[in-house]
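> any chance you could fold what I've pasted below:
(4 chains)
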There are 2 protein chains.
Amino acid sequence: MGLFLSTFVNKVDRKGRVSVPATFRATLAQQSFQGIIAYRSFTNACIEGCGMDFMERLSDSAQTLDAFSPEQEDLSALIFADARQLSWDPEGRILLPEDVMAHAGITETAAFVGKGQTFQIWSPDAYRALEAEIRARALSSRPTLPLKPKAPAGDSR
Amino acid sequence: MGLFLSTFVNKVDRKGRVSVPATFRATLAQQSFQGIIAYRSFTNACIEGCGMDFMERLSDSAQTLDAFSPEQEDLSALIFADARQLSWDPEGRILLPEDVMAHAGITETAAFVGKGQTFQIWSPDAYRALEAEIRARALSSRPTLPLKPKAPAGDSR
DNA sequence: GTCAATACCATTGACGCCCATAAATACCCA
DNA sequence: TGGGTATTTATGGGCGTCAATGGTATTGAC
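The predicted structure is shown next:
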């Protein structure tokens, strides 16, 4: 399947180029588009990133909303209209557009944060602060997750 | 199925390498990623460890939560963003990152503690203390576990 | 022509791979 | 059953490779 895991902080050079972490590139390698899809988060000061496959899944999911409904309108504007296809160069770097960098407050370094099916790009400082907050909250709230049973993917033994 | 059982204490060399116990490697052998996934526990001073298969199960389970929901955000930050893919070398060793070692208070030796489907990595001293505590508590509380009936052949669903 | 995007090349530092050794265990055979 | 040997595991260190990064050249659009 290929998940986006871990957090990587990479430098943004004066041209606005950043290396996409090699492991992220590996999970995106067999997808149709050789690069990432990026759009500005509408809940956080960060950039949402994913591959073309996930974008198509989002599109499928959005179709459960009625066509021409306000929800559909909003979601389209927030995601599809804002999404940019950023292909990487031979070295695995993408060029971050100005307005996207501004939205996330990214200047010299960018943090690629794995979220499983997707990832986010943050200003390292901003993400550190958020992470500390979440971790502090987790100490008292102790979040849990009901585990789904193992998928029956033919492992006989 | 292959369970993580027993506790093994191994040395951390000056490069930060530790041997993953051979029996643990054996249970992970036929998984897609040749190594372990490790993330800092958000309740204890230890490292949570598992294989890629378990991580994918976690990801599947997390998708029952809505995309962009706060619960999803928190869980991603605590697990997926913090998860490191530590592949082992031909000798079966992994490289423990600095901050991970610091979180668990590991310096010279590391204790691999089996927990069935997953395992944990502790500072041996810290784990000894915790184990004594748990054992003392068990003397008075006498915990029990309702046994599930034996599954006939196939998996649960 | 200018500007920006992209391809090309060069450096370095971390990590993965190979060796070699020691200890512990499993195995074999008398 | 006991002794001896072979195999596996844990550990230590040197070296090559690749990912990340910075710079330069080339291309193409306006």
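
> going by C-alpha atoms from here, please, whenever you check contacts or count neighbours.
Noted.

> so how far is residue A:25 from the closest residue to DNA strand C within chain A?
Relative to DNA strand C, the nearest point of chain A is residue A:89 (4.0 Å; Cα to the nearest atom of the strand). Distance, residue A:89 to residue A:25, by Cα to Cα, to the nearest Å: 12 Å.

> more neighbours, the two?
Ranked by neighbour count (other Cα atoms under 10 Å in any protein chain shown), residue A:89 and residue A:25 place residue A:25 first, with 19 against 13.

> rewinding a little: check the residue of chain A closest to DNA strand C and give its pLDDT.
With respect to pLDDT, residue A:89 scores 94.

> is it located within a helix, as I assumed?
No. In this structure, residue A:89 is coil, not part of a helix, as judged by DSSP: H, G, I helix; E, B strand; the rest coil.

> measure it to residue A:76 for me?
29 Å.

> burial measure for residue A:15, as a count.
Residue A:15: 8 neighbours (other Cα under 10 Å).

> show me what contacts residue A:83?
A:37, A:38, A:39, A:40 (Cα atoms under 8 Å, 6 or more residues apart in numbering or on different chains).

> only whichever of the residues you listed are buried, select them in ChimeraX.
Buried residues within the contacts of residue A:83, by 16 or more other Cα atoms under 10 Å in any protein chain shown, are selected in ChimeraX with:
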select /A:37,38,39,40
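
> the longest helix along chain A near chain B anywhere?
Determined from DSSP state H, the single longest helix within chain A is helix A:124-141. Yes. Judged by Cα under 8 Å from any Cα of the partner chain, helix A:124-141 and chain B are in contact via A:131, A:134, A:135, A:138, A:139.

> centre of the chain to that helix, how far?
Distance of helix A:124-141 from the chain centroid (Cα atoms, centre = their mean, to the nearest Å) equals 18 Å.

> which strands and helices sit next to it?
In terms of contacts (3 or more Cα pairs under 8 Å, 6 or more residues apart in numbering or on different chains; DSSP states H and E), helix A:124-141 is packed against strand A:109-114.
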